[in-house]
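Chemist: predicted model and sequence below, questions to follow.
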Amino acid sequence: LIRFGAGKDRYFHISHIAPTTVTTKLTGTIAWSSSDTSVATVSDGVITGVATGSCSILAKDEIGNYECWVIDVE
């Protein structure tokens, strides 16, 4: 889910860049993070655009499996 700020039009291009090498899906508690919170933040899987730019969004489970996406906010 991508959330847009009130009164702010943000366009996202999402590119899956780092599939896990583990064949199982993410399980248990997922930790979400953004490589640049001045571009986009993420909380419980909800991405919020902050400003134009690029960053990576990472989802990592308790045993180290992860998925990572590049987010471009225009």
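Modeler: Okay, I see it.
Chemist: list the contacts for residue 36?
Modeler: By CB atoms under 8 Å, 6 or more residues apart in numbering, the contact list for residue 36 reads 53, 54, 55, 56. (Glycine included, C-beta is placed from N, CA and C.)
Chemist: out of those residues, which end up buried?
Modeler: Among the contacts of residue 36, those buried by neighbour count (16 or more other CB atoms under 10 Å) are 55, 56.
Chemist: now the host helix or strand of residue 42: average pLDDT?
Modeler: According to DSSP states H and E, residue 42 maps onto strand 40-43. For strand 40-43, mean pLDDT rounds to 87.
Chemist: per-residue confidence averaged over the helix or strand that it is followed by?
Modeler: The helix or strand immediately downstream of strand 40-43 is strand 46-49, counting by DSSP H and E. The pLDDT scores in strand 46-49 average 83.
Chemist: turn the contacts of residue 36 into JSON lines, including pLDDT, secondary structure and distance to residue 38.
Modeler: Shown next, in JSON lines, are the contacts of residue 36 (pLDDT from 0 to 100; DSSP: H, G, I helix; E, B strand; the rest coil; distance: CB to CB, whole Å):
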{"residue": "53", "pLDDT": "88", "secondary structure": "strand", "distance to residue 38": "7"}
{"residue": "54", "pLDDT": "89", "secondary structure": "strand", "distance to residue 38": "11"}
{"residue": "55", "pLDDT": "92", "secondary structure": "strand", "distance to residue 38": "8"}
{"residue": "56", "pLDDT": "91", "secondary structure": "strand", "distance to residue 38": "13"}
